[in-house]
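any chance you can model this:
(chains A and B)
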Amino acid sequence: MDQPYKITDIRYRFDSFENGKALPCRGPKRLPAMGWNSWNAFGSGNTEELTKAMADKIVELGLDKIGYKYVVLDDGCYKSERVNGKLCNEEVKFPGGLKYLSDYVHSKGLKFGMYNDIGTNLCASAAVGTHGHENEDAESYIDWDIDFIKVDNCYYMWDNATFADPENARYSFAPNIKDVRLTGPDIDLRLERDSWSVSGFRAHYEDGYLTGIGTFDGTGPDNKPIDLQSSELWINVEIPCEGEYQISVLYATGKEEGIGQWLQIKSPMDKDGGLTFDGLLPETDSPTDFRWSEPISISLAEGANKIRLMNHRRQENTLVSYATLLEALREKAPDKDIVYSICEWGKTMPGDWGYKVGDSWRILNDITFNTGSAEGDYGTCRWSDDYTNSITSQYNKCVIMDEFASLERGWNDPDMLVIGMNGLTPEMNRTHMSMWCMMNSPLMLGMDLRRVEKDDELYKIIANKALIDINQDALGVQAKRIYTTYQCEDPSKEYIRDNNRVDVLAKPLSGGRLAVAIYNLSDEIAEEDISIDLDLICEKLGDKFPADLKDCEQLREINVWNGDSATVSRKILQSPVIIEPYGNVTLLLERI
Amino acid sequence: MLTVGEFVKMLSGDTSWTAGEDFGREEEVLLRKNCARIVHRYLQKVVGKPDETENLPSPADIPDINDCRICAPHIAQVIAIGLVEPMTVGNIKLFKGDDEVNADVANKLFDVLKADFGR
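Numbers count the residues shown, from 1 in each chain, chains lettered A, B, ... in the order given. You can find the predicted model right below:
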């Protein structure tokens, strides 16, 4: 099996994640993408005929005029294997070929998107993942004239990702570490525990050794999506004179979440992307069978040195794989504008690094597994769920990830819209639409559009111009949760999974305006004493608060659902607030 | 050992219903997760059986049910119908989708299909 890429360029390293600089291959800054994706509607049963029908319907409904322009083929459109090394269309479902379909979509004035994967296979199993084929695949995609590509993370070689060998966890974490020894001219030190410190909150001591060095899996709903989710071991050592030394580690390897085999050692003398050590240590018999590594040469400076023992490869490998495909696309067509939609399901904390290559990054596993089918089943989604398969599972994470998103960086992606699927009431659909718009999420319709008629209930939700304007506002700022009825210290940072609550979000808009949304997430009518005024919003939004509103005493308040407007004072909400179960009140506020 | 192609032919001599489906290569060893996909799609497309909507298993019952997100709804259906049982591992139940389909599972599955759906 091939090994992870050798990384020599610091731009792909963990240490550059916070520098705010995108890779040269990244496209221009843009607002969240809007369009239709085939997955929720048809699963891998999508066809050429259905795709054309969806494109026709987008135009017929005028959805293209309000921003829905990308028509994206998800999984299920390729032959199960390559032909002469190249991707090919699945011939039963897509008999005309992918360029034909691309031309058809373009002829409607729409944009054409496709799907692939950074692993060896696509999620639905076809053995046509881009790994190792990035150049020829980029050529195909340029030939097919794509404007958008969603790139998945199944069957990934160096991570225990979905369908990947679970033992690939050995690449994702460092071994357990019990002791460290440093030798060299006039020095032979056992680097005792009092010289150790641990960053992040994941690693912990267990029976005299440190375990959990690496980046934890964010695919499921259990992990908080913010704060440092990867730990390092730092060893502080005083060195008498600059020179070459030898470092050895007493370690034990594993192949499971939290215990791996790949170690990174960084000395303060390491320059650029180079590391003192960046590779697999020899396997031990068990995660508690400790052995000393061979001595590793390390350059150290005179005086205090902080030696870092870590494994950031889970994030770095994933970034490199996503970058490799995008770089190939750019090389083939430097001026082609392609939206790059990262879909690694929040596994490797993509909020940290996604902005370097992607226009957006998925934050969790799928919003539903119950996709519809070509036979007329609309598929099913839920309001709440213990796993990721619900509107609130996605919302609860995304709502505290606002600091990752911006026009410069790109967007958190809580997955496609599920409006129009079974299992959801109109109230849920309206609140879902408001949430996604307030959170600057990509707006990818996921339903069979043939069930929508102009001005029907579904249409009025997906085509709500005021909400779409909030999502597409030129400022490009994701809303912040400024208040919740759930008892917590900081509503903007608390990861809350108990849906028995009301949240209030505020989003600055261009033109000195503000959007405020109140969500009742519970299944009972909310009658809450909530008091929200401009001062509170100003305090929570900080320098993002619209300057025009700072000294404003009277505002115009417009309800985005019914257009009702009223004049209000700085006290925007005064108790009691009454909202239907699963309901929302979404308001635009502007100075009078 | 059973392959995907062999299993599909065992379900129905006429395999035209698999056109456009994405079950993997015919010669691939049949895994439990793929078996669930094939059987559920067969029930939907050929038998015309409506999906179960109640008493579907959840990750709280079977922690690995979502490991294969493409297969998850299919796995839930075959468990709910009683076509494929989860396995007991220690104190918990697991679907173990990456395990091969053995003769016992295949025979039980065909027994249920015959008894409940006349197939």
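
from here on, just use CA atoms for contacts and neighbour counts.
Fine.

what parts of chain B come near chain A?
With C-alpha under 8 Å from any C-alpha of the partner chain as the criterion, chain B meets chain A at residues B:19-25, B:59, B:67-70, B:72-73.

for the nearest residue to B:Asn66 once chain neighbours are set aside, what are phi and psi?
Closest residue to B:Asn66 apart from its sequence neighbours, by C-alpha to C-alpha, 6 or more residues apart in numbering or on different chains: B:Ala72 at 5.3 Å. Phi and psi for B:Ala72, reported as degrees, to the nearest 10, are phi -50, psi -50.

who touches B:Ala72 in this structure?
Contact analysis of B:Ala72 by C-alpha atoms under 8 Å, 6 or more residues apart in numbering or on different chains lists A:369, B:65-66.

show me the contact partners of stretch A:242-250.
The contact list for stretch A:242-250 (C-alpha under 8 Å, 6+ apart) reads A:177-185, A:290-302.

ok, which pair from the residues of chain B next to chain A is furthest apart?
With C-alpha to C-alpha as the measure, no two of these lie farther apart than B:Ala19 and B:Pro59, at 31.4 Å.

these two: which is more packed in?
B:Pro59 (14 against 11; other C-alpha atoms under 10 Å in any protein chain shown).

tell me the buried residues in stretch A:277-296?
Neighbour-count burial for stretch A:277-296, counted by 16 or more other C-alpha atoms under 10 Å in any protein chain shown, picks out A:277-281, A:283-284, A:287-288, A:290-291, A:293.

so which of these are in strands?
Among the buried residues of stretch A:277-296, DSSP state E puts A:277-280, A:291 in strands.

tell me how far A:Val513 lies from chain B.
No Val there; residue A:513 is Arg. Distance of A:Arg513 to chain B, given as C-alpha to the nearest C-alpha, to the nearest Å: 41 Å.

ok, what's across the strand from that residue?
A:Arg513 has these beta-bridge partners by DSSP bridges: A:Leu509.

ok, it - contacts?
Contacts for A:Arg513 (C-alpha under 8 Å, 6+ apart) come out as A:546, A:548-549, A:588-591.

specify the local secondary structure of A:Glu590.
On the three-state scheme (DSSP: H, G, I helix; E, B strand; the rest coil), A:Glu590 is labelled strand.

so among the contacts of B:Ala72, where is pLDDT lowest?
Across the contacts of B:Ala72, the smallest pLDDT goes to B:Asn66, namely 79.

touching, it and B:Pro59? I think so.
Yes. The criterion here is C-alpha atoms under 8 Å, and B:Asn66 meets it with B:Pro59 at 7.0 Å.

tell me the buried residues within the residues of chain B next to chain A.
Buried members of the residues of chain B next to chain A, scored by 16+ other C-alpha under 10 Å, are B:20-25, B:67-70, B:72-73.

just the closest of those to A:Glu49, please.
The shortest approach to A:Glu49 among these belongs to B:Gly20, at 12.7 Å (C-alpha to C-alpha).

part of a strand, is the closest one?
No. Applying three-state DSSP, one finds B:Gly20 to be coil, outside a strand.

tell me the contacts of it?
Taking C-alpha under 8 Å, 6+ apart as the test, what B:Gly20 contacts is A:45, A:90, A:92-93.

tabulate those residues (a markdown table), appending neighbour count.
Listed next are the contacts of B:Gly20 as a markdown table, based on neighbours: other C-alpha atoms under 10 Å in any protein chain shown:
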| residue | neighbour count |
| --- | --- |
| A:Gly45 | 23 |
| A:Glu90 | 22 |
| A:Val92 | 14 |
| A:Lys93 | 22 |
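
and chain B, which of the residues you listed contact it?
A:45, A:90, A:92-93.

convert the C-alpha atoms of stretch A:412-428 to CSV, please.
Extracted in CSV, the C-alpha atoms of stretch A:412-428 (Å, rounded to 0.1, in the frame of the first residue of the first chain):
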residue,chain,number,x,y,z
ASN,A,412,-19.5,25.7,6.9
ASP,A,413,-21.7,23.2,5.1
PRO,A,414,-24.4,21.5,7.2
ASP,A,415,-25.4,19.4,4.2
MET,A,416,-28.1,19.8,1.6
LEU,A,417,-31.5,21.2,2.2
VAL,A,418,-34.1,18.5,3.0
ILE,A,419,-37.1,20.6,2.3
GLY,A,420,-39.6,18.5,0.3
MET,A,421,-38.6,15.2,1.9
ASN,A,422,-41.0,13.2,4.0
GLY,A,423,-41.0,13.4,7.8
LEU,A,424,-41.0,17.2,8.0
THR,A,425,-43.8,19.7,8.6
PRO,A,426,-44.1,23.0,6.8
GLU,A,427,-43.0,24.7,10.1
MET,A,428,-39.9,22.6,10.2
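
can it be found next to chain B?
No. On the criterion C-alpha under 8 Å from any C-alpha, stretch A:412-428 is out of touch with chain B, staying 10.4 Å away.

enumerate the positions of that stretch that are buried.
For stretch A:412-428, the neighbour count (16+ other C-alpha under 10 Å) marks A:412-422, A:424, A:428 as buried.

export those to JSON lines and tack on distance to A:Lys306 and secondary structure?
Listed next are these as JSON lines, based on distance: C-alpha to C-alpha, whole Å; DSSP: H, G, I helix; E, B strand; the rest coil:
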{"residue": "A:Asn412", "distance to A:Lys306": "34", "secondary structure": "strand"}
{"residue": "A:Asp413", "distance to A:Lys306": "37", "secondary structure": "strand"}
{"residue": "A:Pro414", "distance to A:Lys306": "38", "secondary structure": "coil"}
{"residue": "A:Asp415", "distance to A:Lys306": "41", "secondary structure": "coil"}
{"residue": "A:Met416", "distance to A:Lys306": "44", "secondary structure": "coil"}
{"residue": "A:Leu417", "distance to A:Lys306": "47", "secondary structure": "coil"}
{"residue": "A:Val418", "distance to A:Lys306": "49", "secondary structure": "coil"}
{"residue": "A:Ile419", "distance to A:Lys306": "52", "secondary structure": "coil"}
{"residue": "A:Gly420", "distance to A:Lys306": "55", "secondary structure": "coil"}
{"residue": "A:Met421", "distance to A:Lys306": "54", "secondary structure": "coil"}
{"residue": "A:Asn422", "distance to A:Lys306": "56", "secondary structure": "strand"}
{"residue": "A:Leu424", "distance to A:Lys306": "54", "secondary structure": "coil"}
{"residue": "A:Met428", "distance to A:Lys306": "52", "secondary structure": "helix"}
